[in-house]
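coords please:
(one chain, ligands or ions: 1)
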Amino acid sequence: MSGKGKTDLIVNGKRLDGRKPEELRPVKIQAGVLKRADGSCYLEWGENKVLAAVFGPRECLPKHEQDPYRARLLYRYNMAPFSVEDRKRPGPDRRSQEISKVSREALERVVFLENFPKASIDVFVEVLQADAGTRCAGLTAASVALADAGIPMRDIVVACAAGKVDNEIVLDVNKIEDNDGQADLPIAILPRTGEVLLMQLDGILAPEEYKRALQLAVEGCMKVNELQRNALREKYEKLADAGEQKE
Ligand code: CDP
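So this is what the prediction gives:
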């Protein structure tokens with residue numbers, strides 16, 4: 001977000017990638033894609049490509065991090081060096097630490113951690129290709145991977161952003177819009193209750209603009225949540241079919 005607020009990002013009601021202001025990028029979700037993980041998910045969101053893997057509940061190591069009353073939740077967001085235009089230096093940086101922290105805090109409020117004292121539930125999110133919105137894509141994929149691992153949760157967390165581009169409130173900001181737009185508001189919610197688990201704002205929004213952006217982001221979340229549920233349903237239908245064929 002440069003704050004420059006370029007114009008010409010919306011022409012005749014259409015954004016540069018052809019979307020209407022309230023339109024999502026195409027989202028594809030697949031559950032159960034990794035053999036060695038307890039749960040996994042591959043997600044494409046426009047030009048974003050992310051993979052989430054969940055391990056656990058398993059022994060919490062190092063032992064001094066064990067909590068006698070609840071599981072530890074570990075969330076590691078990592079960007080591949082080749083995921084962005086200018087090669088990213090491998091390993092953690094301030095940005096990935098921040099994203100890991102806010103994502104972990106969102107999930108800690110939904111996973112029944114108290115069911116697994118002394119254990120660890122480890123979530124790894126690998127961004128293979130980035131085009132703005134990767135924290136939302138990562139959290140959305142992580143939540144499907146947690147469900148795929150059979151980890152008990154209050155609901156599936158879903159995330160989506162809205163923003164302000166060319167003086168208009170739009171859903172699901174892409175990279176060009178993120179660079180040259182005026183605001184980006186990623187949120188994560190629990191679809192069943194609408195409870196907000198994560199909200200960050202980069203840029204400036206007037207109160208009315210904020211209300212509209214929040215409303216659009218929630219609508220986006222609800223659409224993506226449908227796709228999360230479909231992905232999990234597909235995975236278990238396949239498993240059920242395979243089981244029937246064996247019998
Ligand atoms: O990805 P998200 O929108 O959640 O986070 P951001 O910090 O607002 O980053 C926006 C976008 O900037 C990322 O999705 C990447 O496409 C890009 N980026 C980059 O090109 N190089 C980096 N080291 C970090 C981010």
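
low-confidence ranges, the protein, go.
Along the chain, segments meeting pLDDT under 70 span 1-4, 247.

how about a cut-off of 80?
1-6, 244-247 (pLDDT under 80).

quick one: the helices in it?
Counting by DSSP state H, the chain has helices at residues 94-108, 134-148, 175-180, 207-246.

now check the longest one, is it near the ligand?
In other words, helix 207-246. No. Using CB under 6 Å from any ligand atom, helix 207-246 stays clear of the ligand, with a minimum separation of 12.9 Å. In this view, the C-beta of every residue, glycine as well, is placed from N, C-alpha and C.

okay, angle between that helix and helix 134-148 too, please.
30 degrees (axes from the mean of the first three to the mean of the last three CA atoms, to 10 degrees).

so which bits of helix 207-246 are buried?
209-210, 212-214, 216-218, 220-221, 224-225, 227-229, 231-232, 235 (16 or more other CB atoms under 10 Å).

mind checking how far residue 176 is from residue 165?
9 Å (CB to CB, to the nearest Å).

wait, residue 228 sits on residue 146?
No. In this structure, residue 228 is not within contact of residue 146 by CB atoms under 8 Å, at 10.8 Å.

quick one: which of the helices of the chain is nearest residue 41?
helix 134-148 (4.0 Å; CB to CB).

need the residues of the protein near the ligand, please.
Residues of the chain found near the ligand (CB under 6 Å from any ligand atom) are 84, 85, 88, 95, 130, 131, 132, 133, 134, 135, 175, 178.
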